[in-house]
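Participant: Let me see the structure of the following:
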Amino acid sequence: MSFIYQIEKGNGISYILSYGPFVGEDYLRLIQRLTSDPDWPPRRRLQLTDARLASANTPLDEATMQKAVDLYNVDPEKLIGFRAATVAHETFERAAMFQKFSSGLAPAVIVFNSMDTACLWLGIDLTEAERVFKLLLDSVRSQ
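Facilitator: From the prediction side, this is the model:
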């Protein structure tokens, strides 16, 4: 699995760390787990994904993107006011393609190439976001 997430209920933010090879099936499993989590979406309906450690070695086809959009859209009420930012380097083009593909969804999804800009757009603290992502990465490395 190349995704791990944490929902900070106190801050009302869900954080997703994507690392290693980006595999579409893993992404779909992540969305299924995330959207079935009783704490999702968090109260502020904000989501930040750090994909700076992800590698784009397999193509992401339109069928997989449509499945991802459909999974997020199972309960449209949950998406009202939802905003998501993704920070990507190697997978930037893929993330931007998903941003365009998912433009019909209720949530605003924007791809950034810097964490500080993504945090500014979401209105969240950069230091806190980096702390959460470090904890997530440490948990991956300890497995």
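Participant: quick one: average confidence on stretch 61-72?
Facilitator: Mean pLDDT, stretch 61-72: 81.
Participant: swap in stretch 112-119?
Facilitator: 93.
Participant: Quickly list what the residue positioned nearest the centre of the chain is bridged to.
Facilitator: Central residue of the chain (Cα atoms, centre = their mean): Thr49, 3.7 Å from the mean position. Going by DSSP bridges, Thr49 is paired in beta bridges with Ile16, Thr86.
Participant: So which helix or strand of the protein has the lowest pLDDT on average?
Facilitator: helix 92-101 (a mean of 53; mean pLDDT, DSSP states H and E).
Participant: Toward the C-terminus, what is the element adjacent to that one?
Facilitator: Beyond helix 92-101 on the C-terminal side, the first helix or strand identified by DSSP states H and E is strand 108-112.
Participant: what distance separates that following strand from the centre of its chain?
Facilitator: Offset of strand 108-112 from its chain centre (Cα atoms, centre = their mean, to the nearest Å): 10 Å.
Participant: Helix or strand next in line after it, which one?
Facilitator: Assigned by DSSP H and E, the successor of strand 108-112 is helix 115-122.
Participant: Okay, buried residues for that following helix please.
Facilitator: For helix 115-122, a neighbour-count test (16 or more other Cβ atoms under 10 Å) marks 115, 118-119, 122 as buried. For glycine as for every other residue, the C-beta is placed from the backbone atoms N, C-alpha and C.
Participant: same deal with stretch 70-85?
Facilitator: Buried residues in stretch 70-85, counted by 16+ other Cβ under 10 Å: 71-73, 78-79, 82-85.
Participant: Ok, stretch 51-68 next?
Facilitator: Buried, per 16+ other Cβ under 10 Å, within stretch 51-68: 51-54, 56, 60, 64-65, 67-68.
Participant: can you redo those residues as TSV with distance to Asp39 and secondary structure?
Facilitator: Shown next, in TSV, are the buried residues of stretch 51-68 (distance: Cβ to Cβ, whole Å; DSSP: H, G, I helix; E, B strand; the rest coil):
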residue	distance to Asp39	secondary structure
Ala51	22	strand
Arg52	25	strand
Leu53	24	strand
Ala54	24	strand
Ala56	30	coil
Leu60	27	coil
Thr64	26	helix
Met65	26	helix
Lys67	23	helix
Ala68	20	helix
